[in-house]
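> below are the sequence and a predicted model for it; my questions follow.
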Amino acid sequence: MKTRSFVQFVAPSVAMMLLLLAAPMVITFYLSVRNCALEMEVVKVEESTPFGKRETITQRAKLDANGRAIESCEFVGLDYYRKVLGLDKSVPLQVDQPPDAGGKPTRAGDPADNEFFGALKFTMIYTFVTLPFVLLIGFLLALAVNGATNKLKGIFITASLLPFIITPVVAALSIKWLFRDNGLVPYLLSHFGIEVFWMAQAWSARMLIIVYGIWHVVPFAFIVLYAGLQSVPQDALEAATIDGATRWQKLRYVTVPHLMPLFVFITLIHLMDAYRVFEPVIVLTQGAFTTSVQYLTYHILLLENNPYKASAAAVLTLIGIVVLLIPLLVKTWREQKGGI
Amino acid sequence: MGKRSLPLSVLLYGGLLFWLVIASLPVIWTAVISFRQYVDAFSSPIKWVAPFTFENYTRLWIDKAFYRNFLNTAFVTVCTVTISLTVGCLAGYALSRYRGALGFWLLLVALMFRAIPHSSLLPSFFTIFDTLGIRNTYFTLIFVLVAINQPFTIWMLRSFFVNIPIELDEAAQVDGCTRFQAFRRVIIPVMWPGVVTTGLFSFLLAYNDFLLSSALTSGDKMTMPAAIANAITAETEAFLMQGVAGAVSITIPLIILVIVFQKQIVGGLTQGAVKG
């Protein structure tokens, strides 16, 4: 295909991505170093109460001739980054340093300081705690289904897909209702003497988010690995059997190496998706105990109603994902140089 | 398959059964309590059997006009899927046929775009759409969802187009087709299975989106997931039970989808993995 017709064919898609993905990212950066505020004026309000007169000083927005609020915008540099990162103003700041370099460890969900590191910390915990479970349970399921009789395979795959394709916000809500007080799980656990108010403590709320994450992603790992198992070279397995390899040895030295690229693939996809964890955070804790980086931007934008500070959080989030993906990018670039 | 010892078989089927329960329990239990009054749905001790009521559904669909949210979702997802596939097929086809470095870089950039956390786009979306006065409209949401879907769509469609022999294009062009006619008349007809599979995933992405839909729509333009957001904080009994009914209502079309298209979904999930 000639470059000219290639460009024509991809133009609509590229235009869409430039307009609604690339341009907004640039604008986000622009917004993050600015601040617009309504111009306020101070007014004294006198109140007569039964206990005497009280004077309060409040602010209200200045209005222009048309009755619209006047906004004034200014360049504020990295002020909002400092705020989001919880850094003291006197400390010199380099934005693009790796996220853990300057941050003192803080508790997540303490929005007063270090909002971003708190959110990043939980996002990383979530990512790296769920990952081994997803790979392991997915692999065990794939092995089990592969060994099950053919009749059951279809039913099993259909049922397993459910947690993966269900609307995440609905799934998180369902889990919340399951673990709510007077819900099913606390009732069942009470038989074993376990009494936990799941949504009322930081550790249990975080654990629920992680449980949700595992439950949601295991089917994906399972399906991919199950498909991979179908292409394990049978002659290699037979040769191993003839050589007297045990079941475990065949698994360890034939099957697992064959599936290695798929484990890498699942890990990559999971890294990207776990970094975006959002629905369980908003549903299960409402940001009270723990936040994720996506939730942080959302929270600042919609609840604190500050698009400029939210932009700073968004830019930091984007830097984070780039840092996370750099190993992948370097690897791809090397392969490209080596020729496809 | 070698012969299995009895304990291993027990372990295998026991494990599978256990996962089956875990996988379906949240959905099944939510469905069960959606037909109950609040006092029966959340009680201590749990009631295994309780009086059946349809009230939560009638309240939600009729009194709260949930059909409106359903129609919004239907409209938004149908438009998103159609536009995504049209734009994506053109790009995916070109990417599968072009040998230059430009194609590689486009795919790499698309891969990075796929990883963008969606909330990072929201501050500028708010600013841009408010300035233009188009924040709470169907088409804004549709185009945002199409753009978000594009990276994934072109990757997946490309991997399907690669399987179609290039001789087919050449034959069509020898017979006097232009490049576009060859694409339209010859390639697309044999591409249907790939288009359907990609369409399914694009549907799931649009249908399941909560973050963007709830941020960009409000009032009577809300999609189903956006509308159910009320249930997150709802602690009044009637509200909560309507949320439960809403959750089930959102899930039913998905369950039908899985049953009908199981093969395509499984195929799609493995497509990216097997092809690298």
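Structure's in. What do you need? Residues are numbered from 1 along each chain as shown, chains lettered A, B, ... in the order given.

> export the least confident helix or strand in chain B by mean pLDDT to PDB, keeping only CA atoms.
Least confident element among the helices and strands of chain B, by mean pLDDT, DSSP states H and E: helix B:230-233 (a mean of 78). Extracted as PDB, the C-alpha positions of helix B:230-233 are listed here (Å, rounded to 0.1, in the frame of the first residue of the first chain):
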ATOM      1  CA  ASN B 230     -27.100   7.200  42.900                       C
ATOM      2  CA  ALA B 231     -27.200   3.800  44.500                       C
ATOM      3  CA  ILE B 232     -23.600   4.100  45.600                       C
ATOM      4  CA  THR B 233     -24.400   6.500  48.400                       C
END
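
> any buried residues in it, and which?
Applying a neighbour-count criterion of 16 or more other CB atoms under 10 Å in any protein chain shown, one finds B:231-232 buried in helix B:230-233. Backbone N, C-alpha and C define where each C-beta goes, glycine included.

> nearest residue to A:N114 other than its sequence neighbours?
Nearest in space to A:N114, with sequence neighbours left out and distances taken as CB to CB, 6 or more residues apart in numbering or on different chains, is A:G86 at 3.3 Å.

> before we move on, what about A:R54?
Per CB to CB, 6+ apart, closest to A:R54 is A:E47, 4.8 Å.

> so the one you found belongs to a strand, correct?
Yes: the assignment for A:E47 is a strand, going by DSSP: H, G, I helix; E, B strand; the rest coil.

> my read: it touches A:I57, true?
No: counting by CB atoms under 8 Å, A:E47 stays clear of A:I57, with 11.5 Å between them.

> over to B:W48: give its phi and psi.
The phi/psi pair for B:W48 (degrees, to the nearest 10) reads phi -80, psi -30.

> and if you look at A:E41?
phi -130, psi 150.

> quick one: it and A:I70, what's the gap?
To A:I70, A:E41 is 10 Å away according to CB to CB, to the nearest Å.

> okay, these two: which has more neighbours?
When A:E41 and A:I70 are compared for neighbours, A:I70 comes out ahead with 12 against 9, by other CB atoms under 10 Å in any protein chain shown.

> check contacts around the more buried one.
Contact analysis of A:I70 by CB atoms under 8 Å, 6 or more residues apart in numbering or on different chains lists A:38-39, A:61-64.

> gap between stretch B:70-81 and the chain center?
11 Å (CA atoms, centre = their mean, to the nearest Å).

> for the stretch 51-200 of chain A, which residues score under the pLDDT cut-off?
Along the stretch 51-200 of chain A, the parts satisfying pLDDT under 70 run over A:51, A:67-68, A:88-113.

> show me which residues of it are close to chain B?
Within the stretch 51-200 of chain A, the positions near chain B by CB under 8 Å from any CB of the partner chain are A:137, A:140-141, A:144-145, A:147-148, A:152, A:154, A:156-163, A:165-171, A:173-175, A:177-178, A:180-184, A:187-188.

> picking that back up, shared neighbours, A:E41 and A:I70?
Common neighbours of A:E41 and A:I70 (CB under 8 Å, 6+ apart) are A:61-62.

> number of nearby residues for A:A245?
16.

> quick one: residues contacting it.
A:Y253.

> what do you get for A:V45?
Taking CB under 8 Å, 6+ apart as the test, what A:V45 contacts is A:55-58.

> any idea which of these is closest to chain B?
Closest approach to chain B among those (CB to the nearest CB): A:T58, at 26.7 Å.

> secondary structure element for the closest one, which one?
Using DSSP states H and E, A:T58 sits within strand A:52-61.

> quick one, helices of the stretch 151-300 of chain A?
A:168-179, A:184-190, A:202-229, A:234-242, A:247-250, A:256-275, A:279-284, A:293-302 (DSSP state H, counting those that start in this stretch).

> what would the ones you listed look like in CSV with distance to B:F183 and mean neighbour count?
As requested, the helices of the stretch 151-300 of chain A are exported to CSV (distance: least, CB to CB, whole Å; neighbours: other CB atoms under 10 Å in any protein chain shown):
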stretch, distance to B:F183, mean neighbour count
helix A:168-179, 36, 25
helix A:184-190, 53, 16
helix A:202-229, 29, 22
helix A:234-242, 40, 13
helix A:247-250, 47, 14
helix A:256-275, 30, 17
helix A:279-284, 38, 26
helix A:293-302, 38, 26
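
> and those helices: which comes nearest B:V10?
Across the helices of the stretch 151-300 of chain A, B:V10 has its closest neighbour in helix A:247-250 (15.8 Å, CB to CB).

> any idea of the mean pLDDT in the closest one?
Per-residue pLDDT values over helix A:247-250 give a mean of 88.

> residue contacts, the residue nearest to A:R54?
A:53-56.

> cool, B:Y57 as well?
B:Y57 touches B:34, B:245, B:249, counting by CB under 8 Å, 6+ apart.

> thought the first one was touching B:A247?
Yes: using CB under 8 Å, B:S34 is in contact with B:A247, at 7.4 Å.

> those two: which is more packed in?
When B:S34 and B:A247 are compared on other CB under 10 Å, the one with more neighbours turns out to be B:A247, at 27 against 23.

> so which helix or strand takes in that one?
Assigned by DSSP H and E, B:A247 belongs to helix B:237-275.

> can you tell me the average pLDDT over the strand or helix carrying B:L168?
Assigned by DSSP H and E, B:L168 belongs to helix B:166-174. For helix B:166-174, the mean pLDDT works out to 89.

> in it, which residues are buried?
B:169, B:172.

> same question for stretch A:151-167.
Buried, per 16+ other CB under 10 Å, within stretch A:151-167: A:156-157, A:159-167.

> distance to B:A101 for these - can I get that in JSON lines?
As requested, the buried residues of stretch A:151-167 are exported to JSON lines (distance: CB to CB, whole Å):
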{"residue": "A:F156", "distance to B:A101": "44"}
{"residue": "A:I157", "distance to B:A101": "40"}
{"residue": "A:A159", "distance to B:A101": "45"}
{"residue": "A:S160", "distance to B:A101": "40"}
{"residue": "A:L161", "distance to B:A101": "38"}
{"residue": "A:L162", "distance to B:A101": "42"}
{"residue": "A:P163", "distance to B:A101": "40"}
{"residue": "A:F164", "distance to B:A101": "35"}
{"residue": "A:I165", "distance to B:A101": "36"}
{"residue": "A:I166", "distance to B:A101": "40"}
{"residue": "A:T167", "distance to B:A101": "39"}
